[in-house]
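**Student:** only the shape, not the letters, is given here:
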Ligand code: PXL
């Protein structure tokens, strides 16, 4: 039996509890070999820190994939997160997609916006570029802000199921085969995940916590990938990811002045149990 292997491509924010420093431990904790390809190295993430360093690794991406090709390496899943440029998005389509094994899945977290706004490094051109990556993926895992930018639908904080249905259809019409839309709330005090796969829509609801943390989107997508590669359905994986993200946010609330990320590490040992019991 060959080891299941996931490749994740996103930045390393050396400090910040996001992107690769989240994906690597979380997917590994799901019992899966996790290969990483850093798109850039930053001293910190870009949300709330100023003066961060940024080393772009775009030019390293083709030789890394070419080397792996020579070594005969392929992956059960490729998961892309925060990327830096149009060129990197193109490389995900030309190189990353082609590194999948037969039946391997591509999971795309657009990772460019939240709370109605683009992250500081991005503009509308990047949104346009991201549409081409969504077009070739098996699962897209956006928050509502990203989904609205991608579909051109107005971002709202209060909405009904009809509005969300329009957003989901918009994402499917871009080419995504399945949609996992996070942070969807129809009821005060609750939030949840809309999952659309194989023509079926389902919704998982959980209590909305008072504190929100940076980096929870990365925790969520990483757990989703880890559960999916363990053979769980999209709905089961979406639920496991939501439950683990809630645990991480609750854990973070116990800390004083921990503003830059979610403290998932103390609860990481519980993740395998969530997958086993799903
Ligand atoms: O969590 C998403 C993310 C990842 N990487 C970097 C970021 C952000 C969000 O701001 O700045 C560098």
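**Tutor:** Received it, and whenever you're ready, just let me know what you need. These figures come from a predicted structure and were not determined experimentally. Numbering: from 1, shown residues only.
**Student:** does stretch 52-66 come close to the ligand?
**Tutor:** No - contact of stretch 52-66 with the ligand is not found when judged by C-beta under 6 Å from any ligand atom; the minimum separation is 7.9 Å. Just so you know, the C-beta spots here come from the backbone N, C-alpha and C atoms, and that holds for glycine as well.
**Student:** so for that stretch, mean pLDDT?
**Tutor:** Taken as a whole, stretch 52-66 has a mean pLDDT of 97.
**Student:** against the ligand, how distant is residue 189?
**Tutor:** Per C-beta to the nearest ligand atom, to the nearest Å, residue 189 is found 25 Å from the ligand.
**Student:** which residue is the nearest non-sequential neighbour of that residue?
**Tutor:** Leaving aside its sequence neighbours, residue 189 sits nearest to residue 208 (C-beta to C-beta, 6 or more residues apart in numbering; 5.6 Å).
**Student:** tell me, how many residues neighbour the one you found?
**Tutor:** Neighbour count for residue 208, taken as other C-beta atoms under 10 Å: 15.
**Student:** strands along the stretch 151-278 of the chain, start to end?
**Tutor:** 178-181, 190-197, 200-207 (DSSP state E, counting those that start in this stretch).
**Student:** make TSV from the ones you listed and add mean pLDDT and mean neighbour count to it.
**Tutor:** Output for the strands of the stretch 151-278 of the chain, formatted as TSV (pLDDT from 0 to 100; neighbours: other C-beta atoms under 10 Å):
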stretch	mean pLDDT	mean neighbour count
strand 178-181	98	24
strand 190-197	98	21
strand 200-207	97	14
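**Student:** how many residues are close by the closest residue to the ligand within the stretch 51-200 of the chain?
**Tutor:** Nearest to the ligand, among the residues of the stretch 51-200 of the chain, is residue 82, at 3.6 Å (C-beta to the nearest ligand atom). When counting by other C-beta under 10 Å, one arrives at 26 neighbours for residue 82.
**Student:** got the residues of this structure near the ligand?
**Tutor:** 11, 13, 18-19, 42, 45-47, 82, 111, 119, 215, 217-218.
**Student:** if we go to 5 Å?
**Tutor:** Counting by C-beta under 5 Å from any ligand atom, the positions of the chain adjacent to the ligand are 11, 13, 18, 19, 45, 46, 47, 82, 119, 215, 218.
**Student:** just the ones of the residues you listed in strands?
**Tutor:** Counting by DSSP state E, those place 11, 13 in strands.
**Student:** closest to residue 197 out of the residues of the chain next to the ligand?
**Tutor:** Taking C-beta to C-beta as the measure, residue 197 lies nearest residue 218 of the residues of the chain next to the ligand, at 21.7 Å.
**Student:** and the angle from the longest helix anywhere in the chain to strand 190-197?
**Tutor:** Ranked by residue count, the top helix of the chain under DSSP state H comes out as helix 234-253. In terms of direction (axes from the mean of the first three to the mean of the last three C-alpha atoms, to 10 degrees), helix 234-253 departs from strand 190-197 by 150 degrees.
**Student:** and helix 234-253, what does it pack against?
**Tutor:** Packing partners of helix 234-253 (3 or more C-beta pairs under 8 Å, 6 or more residues apart in numbering; DSSP states H and E): strand 178-181, strand 190-197, strand 200-207, helix 216-229, helix 271-277.
**Student:** the strands in the stretch 1-150 of the chain, which residues?
**Tutor:** Ranges of strands in the stretch 1-150 of the chain, per DSSP E, counting those that start in this stretch, are 5-15, 33-44, 54-56, 75-80, 100-108, 113-114, 117-118, 139-140.
**Student:** for these, give me TSV that also has mean neighbour count.
**Tutor:** Shown next, in TSV, are the strands of the stretch 1-150 of the chain (neighbours: other C-beta atoms under 10 Å):
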stretch	mean neighbour count
strand 5-15	23
strand 33-44	19
strand 54-56	13
strand 75-80	25
strand 100-108	17
strand 113-114	21
strand 117-118	14
strand 139-140	26
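**Student:** redo these as TSV? Include distance to residue 132.
**Tutor:** Shown next, in TSV, are the strands of the stretch 1-150 of the chain (distance: least, C-beta to C-beta, whole Å):
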stretch	distance to residue 132
strand 5-15	16
strand 33-44	16
strand 54-56	20
strand 75-80	12
strand 100-108	11
strand 113-114	17
strand 117-118	18
strand 139-140	12
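**Student:** of these, which approaches residue 190 most closely?
**Tutor:** strand 113-114 (19.1 Å).
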